[in-house]
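**Student:** got a predicted structure plus its sequence, pasted below:
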Amino acid sequence: MTPTIYDTPDHELLRDQVARFLAREVEPFAAAWEETGMVPRDVLRRMGQAGLLGIAFDSDHGGADADAMTNLVFAEALSQSTFAGFIITVLVHTDMAGPHLHHAGSPAQKAKYLPKVTAGEMITAVGISEPGAGSDVAGIRTSARRDGDEWVLNGTKMFITNGVHADLYFVAAKTGTARHDMSMFIVEKGTPGFTVGRALKKTGWLSSDTAELVFDNVRIPAENLLGEEGKGFYSVMKNFQTERIALGAMAVGHCTQALQITLDHVRQRQAFGGTLWDQQTIRQRLSMLDAKTRAARQFMYHCAWCVTQGKDIVQEVSMLKALTGELVNEVVQTCQQFHGGMGFIRETAIERLWRDARVLAIGGGATEVMLEEVAKRY
């Protein structure tokens, strides 16, 4: 990877550690995980044992107190894998679900759960999206009402990554009548009334389990309220910044891998009396896509740096999510085109990247929603 002005020796050590883990524990086996539809739990536990499942979490609970820049280095290094189902399984745990506990959890909640989360003994998921409310978070209908020393949850969640195999769920529910009046709750797997409605079959991310979740009069203790009552919407919005930078890293990682795979291919593929690399249009298109990827990567690192400085960058992160979600589809589709028929054969890396890239313009905030977030801040 091209160095950035933000790199430190510790960042390079982290990149090397992740690369070694991928080479040893992921790449030789991940094709089989695509068939089974899940990442084995023992692999995630080994990630936890290596200190890679909570570097941004509290050191008192097994984390490393890393800042946003170091967390981005981890996400980008992880995204050098061509198996996005594995990547998203991890990033949901570390950057999309787990941070709700890290940011809003009480001392008792953190002491109870965070050590197991960072060790990979408890895998997390976050329940926000619903059949009628995806990017429109405030439109959720799942409800929670207080009943003595308990909360009672009712509703359905949809498109929940890690939804089948997670142990711990952070669930958004309405706790009042106002549009933004919602709260976050901790729900453990096995709680009566809480079921996986169905596992969802997807076009890509095949080794990542995705589910519909059903809450039917689910009773949880009052102390399972996560953060302040009625402030869940703002907690979700805050955490979206971490999530969207991580998804940007995933997109940039896909671009980088697709370009490298394709450069290797076109330099070897014989056609029309030479290699494909000898065709000017191919050289120039790949060069431009590489330029766009490098520019997006620098912007991504700038966003992470701004987070470390405490700056309000909702507009910039929304730009990043929209930019990288669209760019990865442009890059991967072009690279697939240059592979010819082999680019359409299942089990080739470029075909897998093509399938997996599509959702990055949808999940975590669709491009159109992101651009509206940008526009209303001018």
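**Tutor:** Arrived safely.
**Student:** all contacts plus neighbour counts: C-alpha atoms, from now on.
**Tutor:** Will do.
**Student:** after the helix or strand of the chain with the lowest mean pLDDT, which helix or strand is next?
**Tutor:** The least trusted helix or strand in the chain, going by mean pLDDT, DSSP states H and E, turns out to be strand 270-271, with a mean of 87. Remark: after strand 270-271, the chain's next helix or strand is strand 274-275, criterion DSSP states H and E.
**Student:** mind giving me the packing neighbours of the helix or strand following that following strand?
**Tutor:** Counting by DSSP H and E, the element after strand 274-275 in chain order, helix or strand, is helix 280-308. Judged by 3 or more CA pairs under 8 Å, 6 or more residues apart in numbering; DSSP states H and E, helix 280-308 is in contact with helix 68-78, helix 232-268, helix 314-337.
**Student:** turn those into TSV, including distance to residue 139.
**Tutor:** As requested, these are exported to TSV (distance: least, CA to CA, whole Å):
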stretch	distance to residue 139
helix 68-78	29
helix 232-268	11
helix 314-337	20
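**Student:** kindly provide the distance from the residue of the chain most remote from its centre to residue 337.
**Tutor:** The C-alpha centroid of the chain is most remote from residue 273, which lies 43.8 Å away (CA atoms, centre = their mean). Distance of residue 273 to residue 337, computed by CA to CA, to the nearest Å: 20 Å.
**Student:** sorry, back to before: just send the helices and strands packed on helix 280-308 back as CSV, with mean pLDDT, mean neighbour count and distance to residue 147 too.
**Tutor:** CSV is the format used below for the helices and strands packed on helix 280-308 (pLDDT from 0 to 100; neighbours: other CA atoms under 10 Å; distance: least, CA to CA, whole Å):
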stretch, mean pLDDT, mean neighbour count, distance to residue 147
helix 68-78, 96, 24, 39
helix 232-268, 94, 22, 19
helix 314-337, 98, 23, 37
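**Student:** all helices for the stretch 1-150 of the chain, in order.
**Tutor:** 9-21, 30-36, 41-49, 68-78, 84-91, 98-104, 107-118 (DSSP state H, counting those that start in this stretch).
**Student:** to residue 318, which of the ones you listed lies closest?
**Tutor:** helix 68-78 (16.0 Å; CA to CA).
**Student:** tell me which other helices or strands that closest one touches.
**Tutor:** helix 9-21, helix 232-268, helix 280-308.
**Student:** the shortest one - contacts with which helices or strands?
**Tutor:** In this case it means helix 9-21. Other helices and strands packing on helix 9-21, by 3+ CA pairs under 8 Å, 6+ apart, are helix 68-78.
**Student:** other residues contacting the helix it packs on?
**Tutor:** Residues outside helix 68-78 that contact it (CA atoms under 8 Å, 6 or more residues apart in numbering) are 11, 14-15, 18-19, 22, 55-56, 87, 91, 242, 245-246, 249-250, 252-253, 301, 304-305, 307-308.
**Student:** related to what we said a few turns ago, pull the residues that contact the least confident helix or strand of the chain.
**Tutor:** residue 276.
**Student:** now it, how far from the centre of its chain.
**Tutor:** Distance of strand 270-271 from its chain centroid, counting by CA atoms, centre = their mean, to the nearest Å, is 38 Å.
**Student:** sheet partners, orientation included, of that strand?
**Tutor:** Next to strand 270-271 in the sheet, as set by DSSP bridges, lie strand 274-275 (antiparallel).
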